[in-house]
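**Student:** next comes the sequence, and after it the predicted model I'd like to discuss.
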Amino acid sequence: MRPILVPQRKRRRGGGRARRHLGGTLKRLCVTAAAVLLAGWLLMAALRPFLMDYQEVAELRKLEVKLAQAEVENEALRRRIGVLNTPKGIEVEARRLGWVRHGEILIQTSETPPSPPPAATPPLNAVRSREGLVNRAHRLASRTLARLRGSAPPGP
């Protein structure tokens, strides 16, 4: 028997193989991108419970701090109620609110004492050098410390 000869196809010139290669690369790139997106989505879905748990623990800690502060405040208010249930406590609170007993005269004084007159200080341009400023600061500090200690201030 004789073999059957199949005519050969003519090969195209002009990048047929390059197009197939480019198409394969593009296909692989799309599949890889889809796989990365799917993996990212699955990772986020898997991590969501842990993230929610972390947020809930942080919120729980904040609420526990608020609860502790409220308990401290409640205890202080309970003590105040105990004090206000005594006649002396009622009188102190009434006087704090400005109440007076029948026959008493209310005398109010100013809340803040008048400010002392400003100390005589030379103008800022009186110190011409840095050393003069340092010396003046040293003298001022020495006088202030001497006054605080109760001893006589040193001379100028």
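**Tutor:** Okay, I see it.

**Student:** any idea how far Pro87 lies from Leu148?
**Tutor:** 44 Å (CB to CB, to the nearest Å). C-beta here means a position set from N, CA and C on the backbone, and glycine is covered the same way.

**Student:** let's verify Pro7: helix, strand, or coil?
**Tutor:** coil (DSSP: H, G, I helix; E, B strand; the rest coil).

**Student:** what about it, how many residues close to it?
**Tutor:** Neighbour count for Pro7, taken as other CB atoms under 10 Å: 5.

**Student:** confidence score at it?
**Tutor:** Note for Pro7: predicted pLDDT of 70.

**Student:** for it, give me phi and psi.
**Tutor:** Per-residue torsions, Pro7: phi -70, psi 140 (degrees, to the nearest 10).

**Student:** so which residues of this protein form helices?
**Tutor:** Secondary structure of the chain by DSSP state H: the helices cover 16-84, 87-96, 130-149.

**Student:** Throw those helices into TSV and include mean pLDDT, mean neighbour count and distance to Pro118, thanks.
**Tutor:** Shown next, in TSV, are the helices of the chain (pLDDT from 0 to 100; neighbours: other CB atoms under 10 Å; distance: least, CB to CB, whole Å):
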stretch	mean pLDDT	mean neighbour count	distance to Pro118
helix 16-84	90	10	41
helix 87-96	90	11	34
helix 130-149	78	11	15
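
**Student:** next, format the ones you listed as a markdown table and append distance to Pro116.
**Tutor:** Shown next, in a markdown table, are the helices of the chain (distance: least, CB to CB, whole Å):
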| stretch | distance to Pro116 |
| --- | --- |
| helix 16-84 | 37 |
| helix 87-96 | 29 |
| helix 130-149 | 14 |
